[in-house]
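Peer 1: following is a predicted model, sequence given first.
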Amino acid sequence: MGVLSAVRDGFWNALQMSWEVTWALILGFALSGVVQAWVPRQRMERALGGRGPQQIALATGLGAASSSCSYAAIAIAKSMFQKGASFATAMAFQFASTNLVFELGIVMWIFLGLRFTLAEFLGGILLILLMWLGLRLFITRQLEEQAREQARSAASGHEHHSASSDLPLRERLLSAEAWSDVAHNFRGDVGMLWKEITAGFLVAGFIALLPMDFFNSLFITDSSRPLRLAENVLLGPIVAVLSFVCSVGNVPLAAVLWAGGISFSGVIAFIYADLIIIPIILAYRKYYGGAVTARLVAIMFATMVVTALTVDGVFSAAGLVPQQRPTIGSIASRGISWNYTTALNIVFLLVGAGLIVLTLRRGARDPVCGMTVDRGKALSADFGGRSFYFCGPGCKAKFELDPQAYLGSSSHAAGAHATHDHHHD
């Protein structure tokens, strides 16, 4: 009975935390969908071949506008690198698309407060600058070109291709096609991130059940400040690596760790570490080779630690480090009642539903990855008298190699993933 009670309480904690930020996630995904639809990535990719500050700034802005789960972010960065972007700009894009995006900032504001949100974004810019310097120092041109060849030969992962149009801004506001692009980006982002977000809430919900003694033994909380900061800022990324949770899913767990006693800098370092979890390190090795991966992970870890300590120092000097911590119970057990959160959730759930409905009018499901794409703009292929639509060249190529692998598992798959008339729009 004790085990069943703990399982029930863990799921209930996760549900309460997710309810608290549902409206914020929908708002963040909607804003991201607008930016992706109306600031096309293809235009900017052509300007990212250099390693200078202008290219790094462009890559950072593009990444911040391109909400991605960590796995999609590394696939997109690899694709950009294959097509000629420098390794530094690809890594800047990759970090920004998971750590400088709308939904992360909004959710951090709700769970941790404005000061943490400011620290995350200001520190994120500093981290990208430090990472840029580290890559220029330790990744030579020869190593970069070797990594590019490795990336080109690596099996292509799934990439999230944004829907966009070139209409003038005034026309976009009144164009069903332009809002359809927004809706498809919204649905694509939700489809990519929901597993990571769900995992993050579940992990946080169950960790919140642990007694305070666990956190007191995990983090140094009563020693001298330099020792406490050093231990916390090194342990934060390690906890992130071992938790396997990344992207927005990191935030509720960060809030639980903050309530449990980890330092301000430890929280910042923990949130930054979503791109060095073990499965992603293995993907780096596949994409770029062992030598570049070892340098990349070492540079990322070092810059996360240095950035977190720098932000802590600046915020401490300015008196901006929060002094009061919430209790773990107050984070995980906020309750669900009729209040402003519920009202906002209802409004934004309707907004989200409206965007999903927009995708149904022009949408078709990619039979390879399951993403909903716009039939009017997606790549297509015919098979068995039906037309199939794809989010990008990788999925289309996989389908054309063996269509039955994606259609043979169930009899209704073909009907769900195809339209019956090649000329249907």
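Peer 2: Perfect, I can see it now.
Peer 1: for the helix of greatest length in the chain, the distance to its chain's centre please.
Peer 2: Criterion DSSP state H: the longest helix present in the chain is helix 2-38. The chain centroid and the centroid of helix 2-38 are separated by 14 Å under Cα atoms, centre = their mean, to the nearest Å.
Peer 1: equivalent analysis for stretch 201-211, please.
Peer 2: In terms of Cα atoms, centre = their mean, the centre of stretch 201-211 is set 21 Å apart from its chain centre.
Peer 1: hmm, back to that, any buried residues in the longest helix of the chain, and which?
Peer 2: 9-10, 13-14, 16-38 (16 or more other Cβ atoms under 10 Å). (Each C-beta comes from the backbone N, C-alpha and C, glycine too.)
Peer 1: before we move on, what about stretch 318-329?
Peer 2: 321-322, 326, 328.
Peer 1: dump those to CSV, plus secondary structure and pLDDT.
Peer 2: Shown next, in CSV, are those (DSSP: H, G, I helix; E, B strand; the rest coil; pLDDT from 0 to 100):
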residue, secondary structure, pLDDT
V321, coil, 93
P322, coil, 92
P326, coil, 85
I328, helix, 79
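Peer 1: could you export those residues as a markdown table, including distance to L118?
Peer 2: Below are the buried residues of stretch 318-329 laid out as a markdown table (distance: Cβ to Cβ, whole Å):
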| residue | distance to L118 |
| --- | --- |
| V321 | 11 |
| P322 | 11 |
| P326 | 18 |
| I328 | 24 |
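Peer 1: list the contacts for the nearest residue to W38 once chain neighbours are set aside?
Peer 2: Of all residues not flanking W38 in the chain, R172 sits nearest, at 5.9 Å (Cβ to Cβ, 6 or more residues apart in numbering). If you count contacts by Cβ atoms under 8 Å, 6 or more residues apart in numbering, R172 has them with 37-38, 165, 178-179.
Peer 1: return the member of these nearest to Q146.
Peer 2: Nearest to Q146 out of the contacts of R172 is A37 (Cβ to Cβ; 36.4 Å).
Peer 1: that closest one contacts G188, correct?
Peer 2: No - judged on Cβ atoms under 8 Å, A37 makes no contact with G188 at a distance of 10.8 Å.
Peer 1: related to what we said a few turns ago, with the buried residues of stretch 318-329 in mind, which one is nearest to L355?
Peer 2: Closest to L355, out of all of the buried residues of stretch 318-329 and judged by Cβ to Cβ, is P326, at 32.8 Å.
Peer 1: spatially, what comes nearest to the closest one if we skip its sequence neighbours?
Peer 2: A259 (5.1 Å).
Peer 1: might one say that the one you found is in contact with Q324?
Peer 2: No - contact criterion Cβ under 8 Å: A259 and Q324 do not qualify, at 10.6 Å.
Peer 1: got a list of what the residue nearest to P326 touches?
Peer 2: A259 makes contacts with 325-328, 330-331, as judged by Cβ under 8 Å, 6+ apart.
Peer 1: just the element for it, please.
Peer 2: helix 250-260 (DSSP states H and E).
Peer 1: right, and the helix or strand after that helix?
Peer 2: Counting by DSSP H and E, what follows helix 250-260 is helix 264-272.
Peer 1: alpha carbons of that next one, as CSV, please.
Peer 2: Provided in CSV are the C-alpha atoms of helix 264-272 (Å, rounded to 0.1, in the frame of the first residue of the first chain):
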residue,chain,number,x,y,z
PHE,A,264,21.8,29.7,-7.2
SER,A,265,24.8,28.8,-9.4
GLY,A,266,24.1,25.1,-9.1
VAL,A,267,20.6,25.6,-10.5
ILE,A,268,21.9,27.6,-13.4
ALA,A,269,24.5,25.0,-14.2
PHE,A,270,22.0,22.3,-13.9
ILE,A,271,19.6,23.9,-16.5
TYR,A,272,22.4,24.5,-19.0
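Peer 1: in stretch 356-375, what counts as buried?
Peer 2: Buried-residue list, stretch 356-375, by 16+ other Cβ under 10 Å: 358-359, 362-369, 371-375.
Peer 1: likewise for stretch 273-286?
Peer 2: Under the neighbour-count criterion of 16+ other Cβ under 10 Å, stretch 273-286 has 273-277, 280-281, 283-286 buried.
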